[in-house]
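Chemist: Got a predicted model here, sequence first, then my questions.
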Amino acid sequence: MVSDMNQPVPRPGILDIAAYVPGKEHAPGVEKVYKLSSNETPLGPSPRAIDAFRQAASSLELYPDGQAMKLREAIASVYGLNPGNLLCGNGSDELLGLLAHTYLGAGDEAIITEHGFLVYKIQITAAGATPVTVKEHDCHVDVDAILAAVTERTKMVFIANPGNPTGTYLPGSEIRRLVAGLPKHVLLVLDAAYAEYVRRNDYEAGLEIVSENRNVVMTRTFSKIHGLAALRIGWMYAPAAVIDAVNRVRGPFNLSAPAIAAGAEAILDRDFAHQAADFNVSWIHRLTDEFTALDLKVTPSVTNFLLIHFPDEDGKRAAEADDFLTRRGFILRAVRAYGFNNALRMSIGTQEANLGVIAALTDFMGQAA
């Protein structure tokens, strides 16, 4: 980039970052739109969370609790944790950024995986470090590939478990093998945004792994199963030293009072979260079967979304399917930026939305035959 001394110039590397582009929301000219591009829950938030949000509106003139104690104590009570090892943020995205800016700098490297969440690369680069991308194996994180990529410059490793947009996961034994193989000064970040949806006996979100190690942290979100995406609430479980370091760069009031109040009630409403998980698991299986019957390949998912792969044939590719679905009001997520040029990611929606996509893709594959 040529410097222009007549205006402020960002430091080197910033303008090389590809800005994050969220899933589209609109279908011009369509009367009713079903947004299935951002992995939001079709059940919405807990009624208890909504009530808490409304009550918080009566005190908007007051600063929120800068320590988010009510929320941290609620999380701690549900998972049996020490609140001192918890940190809350403006979505887990903020926490991922804070970790990168706290532990990375010029000359450092951080490992990410081939189909990992795009925010990792953005935050690593923004911190002045170098992202090192390793291949995945059949849409699964490859522990051996990560370990092989570690150098003396490696300071962090970012893993989404389960992965997005793949929907796959690593069992706890593989995560533990990764931890055992990493140098103790390398920080492993386990992004467990979709942990509440997983129903596999060998899955570990990371609570025990964090408790047993000084170089592992786990991040979680309220945007998915708890239905509070609009409030931007995330939390992190980490060793005390990591919490202390990140707190030194965190903004003093990074969560609003309504977010703290609603988040505390949402996580305490375990019945509502279980209902959302039950709804999801019933549809994840049905949609997988329906799409597979249409000769579409579906990556097996443990999350609230499906990665649908389309045939490499004229009239049947993902871009054409995306256009076809959009004209009918069904907004799915193109995932070319994640390395899938011929696939779409579909969030599990309402019954009406799910049935509508089945019907639309049936027509699409039929007319393209």
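Modeler: Right, received. Where do you want to start?
Chemist: Could I get the full set of strands for the stretch 151-300 of the chain?
Modeler: Applying DSSP state E, counting those that start in this stretch to the stretch 151-300 of the chain gives strands spanning 154-160, 187-191, 216-221, 234-237, 297-299.
Chemist: Can you add distance to residue 355, mean pLDDT and mean neighbour count and give those strands back as TSV?
Modeler: In this view, the C-beta of every residue, glycine as well, is placed from N, C-alpha and C. Output for those, formatted as TSV (distance: least, Cβ to Cβ, whole Å; pLDDT from 0 to 100; neighbours: other Cβ atoms under 10 Å):
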stretch	distance to residue 355	mean pLDDT	mean neighbour count
strand 154-160	29	98	24
strand 187-191	32	98	25
strand 216-221	28	98	26
strand 234-237	32	98	26
strand 297-299	17	98	18
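Chemist: what's the closest of those to residue 42?
Modeler: Nearest to residue 42 among the strands of the stretch 151-300 of the chain is strand 216-221; the distance by Cβ to Cβ comes to 16.8 Å.
Chemist: how far does the closest one sit from the chain's center?
Modeler: Distance of strand 216-221 from the chain centroid (Cα atoms, centre = their mean, to the nearest Å) equals 11 Å.
Chemist: Direction included, what does it pair against?
Modeler: Here strand 216-221 has these sheet partners by DSSP bridges: strand 187-191 (parallel), strand 234-237 (antiparallel).
Chemist: Save these as TSV, and put in distance to residue 220 too.
Modeler: TSV is the format used below for the strands paired with strand 216-221 (distance: least, Cβ to Cβ, whole Å):
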stretch	distance to residue 220
strand 187-191	9
strand 234-237	5
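Chemist: contacting residues for the nearest residue to residue 194 once chain neighbours are set aside?
Modeler: In this structure, residue 194 finds its nearest non-sequential neighbour in residue 303, 4.2 Å apart by Cβ to Cβ, 6 or more residues apart in numbering. When contacts are counted by Cβ atoms under 8 Å, 6 or more residues apart in numbering, residue 303 touches 39, 162, 164, 167, 194, 197-198, 284.
Chemist: What's the separation between residue 303 and residue 195?
Modeler: 9 Å (Cβ to Cβ, to the nearest Å).
Chemist: ditto for residue 44
Modeler: Taken as Cβ to Cβ, the span from residue 44 to residue 195 is 20 Å.
Chemist: ok, which stretches of the stretch 151-300 of the chain are helices?
Modeler: 172-181, 207-212, 240-247, 257-268, 270-293 (DSSP state H, counting those that start in this stretch).
Chemist: meant to ask about the stretch 1-150 of the chain
Modeler: Using DSSP H, counting those that start in this stretch, helices in the stretch 1-150 of the chain cover 47-56, 69-79, 91-103, 118-126, 143-149.
Chemist: Select, out of those, the one closest to residue 234.
Modeler: Per Cβ to Cβ, nearest to residue 234 of the helices of the stretch 1-150 of the chain: helix 91-103, 3.2 Å.
Chemist: Could you chop the protein up by domain?
Modeler: Under automatic domain parsing, the residue ranges defining each domain of the chain are 27-44+271-367, 47-268.
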